[in-house]
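Engineer: What follows is a predicted structure for the sequence shown.
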Amino acid sequence: MAIHERVIPLLVCKDIQTSHDFLVEAFGFEPGGVENGPDGRPVHGEVFFGGTEIWLHRVTAEHDVAAPPDTDMAGAGLVVHVADVDAHCARAREAGARIESEPTDQPYGQREYEARDLEGHRWWFATPTG
């Protein structure tokens, strides 16, 4: 069996279907679908960007995971490089993303903005400037 070395980010979501659809519409990710459990409720979702898969996981006590609104904090975030950060920000804003900071040139060689998705996850989108 071949072993694939990769990292798959996992986001815990209260509403997997809505989160999936939002990430596709607002941030331009490719849809990966949503799987439902025996009771018909979503239990897993996936979106893709630039060859990276992002898993959307349900809130469960058994796995000791919670969505940002339940913890009143986001202990992590994701940085995504895009071709045109200003256009990306406009798209995200129009789709209802909460823009935390506007696109700004940074001294470390990229133009970036910060947004929160509907679940409160932190995202930084950037375009390298150097």
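Structural biologist: Yes, it's here.
Engineer: rest of the way, CA atoms for contacts and neighbours
Structural biologist: Will do.
Engineer: Please enumerate the helices of this structure.
Structural biologist: 16-27, 68-71, 85-94 (DSSP state H).
Engineer: mean pLDDT for those helices: which is lowest?
Structural biologist: Note on these: lowest mean pLDDT is at helix 68-71, with a mean of 72.
Engineer: What residues sit buried inside it?
Structural biologist: residue 68 (16 or more other Cα atoms under 10 Å).
Engineer: Check stretch 58-69 too.
Structural biologist: Quick answer for stretch 58-69 (16+ other Cα under 10 Å): 58-59, 65-68.
Engineer: ok, now stretch 70-89?
Structural biologist: Applying 16+ other Cα under 10 Å to stretch 70-89 flags 81-82, 85-86, 88-89 as buried.
Engineer: And stretch 101-112, by the same measure?
Structural biologist: 103, 110-112.
Engineer: can you check stretch 7-17 too?
Structural biologist: 11-17.
Engineer: any chance of these in CSV, plus distance to residue 46?
Structural biologist: Putting the buried residues of stretch 7-17 into CSV (distance: Cα to Cα, whole Å) gives the following:
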residue, distance to residue 46
11, 10
12, 12
13, 12
14, 14
15, 13
16, 9
17, 10
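Engineer: for the record, mean pLDDT for stretch 58-65?
Structural biologist: Averaged across stretch 58-65, pLDDT comes to 78.
Engineer: Residue 54 and residue 9 touch, don't they?
Structural biologist: Yes - taking contacts as Cα atoms under 8 Å, residue 54 lies within contact range of residue 9: 5.1 Å.
Engineer: Residue 68 is in contact with residue 121, correct?
Structural biologist: Yes - applying Cα under 8 Å as the test, residue 121 and residue 68 come out as touching, 6.4 Å apart.
Engineer: Which single one of the buried residues of stretch 101-112 is nearest to residue 29?
Structural biologist: residue 112 (17.6 Å; Cα to Cα).
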